[in-house]
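In: dropping a prediction and its sequence here:
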Amino acid sequence: MITIKKYPNRRLYDTSKSQYVNLDAIKELVMTHKEFEVLDSKTGENLTKNILLQIITEQESNDQQSLLTQTVLKQLIRFYGSDMQGFMRQYIEQSIAMFLERQDALQSAVSELMETASPLAAFNKMMETNMNWWRQFTGVDPMAAHKPNGGSGDKSAPEEPK
């Protein structure tokens, strides 16, 4: 656990590196999944949430990078003090965790596909999967029309006279 101390002059001090840091350095800790806490240097009060909110506020000031619209912010404010506040907190945490899990799974699948197959092979695999699905769904081989004798393979069909 990395401890960051916040001094009265609003400076942040990373005790693990013995150096002053800024909000960008704290953001980098978040981005690299490092565990940290920000403590008031005098009282020892945990200020981590305040610092994280400050980082979000800076990010939200740029409309290009904004995640929280005015509508979303108003709706969140309405949950404070309501009977649903605890439920909403849990719901948001679980929703974001699930989103990140799905995002990681999708990125892994795409990465694996690109590493192991050429685009043409990937397209062929996708078409094969779709064809198999179609056969299962309809019981009909969509490629039968492209085979001799309609692809029926029916040996009981009458033969042409010789």
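Out: Thanks, I have it. This structure is a prediction, so every number in the text was calculated from the model and none was measured.

In: so how far is residue 28 from residue 87?
Out: 33 Å (CB to CB, to the nearest Å). The C-beta positions use only the backbone N, C-alpha and C, and glycine is treated the same way.

In: with residue 137 instead?
Out: 50 Å.

In: what about those two, which has more around it?
Out: residue 28 (12 against 8; other CB atoms under 10 Å).

In: which residues touch that one?
Out: By CB atoms under 8 Å, 6 or more residues apart in numbering, residue 28 lies in contact with nothing.

In: moving C-terminal of the longest helix seen in the chain, what's the next helix or strand?
Out: Of all segments of type helix in the chain, defined using DSSP state H, the longest is helix 85-116. Using DSSP states H and E, the next helix or strand after helix 85-116 towards the C-terminus is helix 119-138.

In: show me which residues of that next one are buried.
Out: Residues of helix 119-138 include none that count as buried (16 or more other CB atoms under 10 Å).

In: from the chain's centroid, how far away is the worst-scoring helix or strand of the chain on mean pLDDT?
Out: Of all helical and strand segments in the chain, the minimum by mean pLDDT, DSSP states H and E falls on helix 119-138, at a mean of 77. Computed by CA atoms, centre = their mean, to the nearest Å, the separation of helix 119-138 from the middle of its chain amounts to 27 Å.

In: any figure for the gap between residue 86 and residue 32?
Out: Where residue 32 is concerned, residue 86 sits at a distance of 30 Å (CB to CB).

In: for these two, indicate the residue with more neighbours.
Out: residue 86 (10 against 7).

In: tell me the gap between the longest helix of the chain and the middle of its chain.
Out: 4 Å.

In: who are the packing partners of that helix?
Out: The helices and strands touching helix 85-116, judged by 3 or more CB pairs under 8 Å, 6 or more residues apart in numbering; DSSP states H and E, are helix 70-79.

In: quick one: mean pLDDT for the helix it packs on?
Out: Per-residue pLDDT over helix 70-79 has a mean of 90.

In: just use 41 as the starting number from now, easier for me
Out: Fine by me, first position is 41 from now on; the one you just mentioned is helix 110-119.
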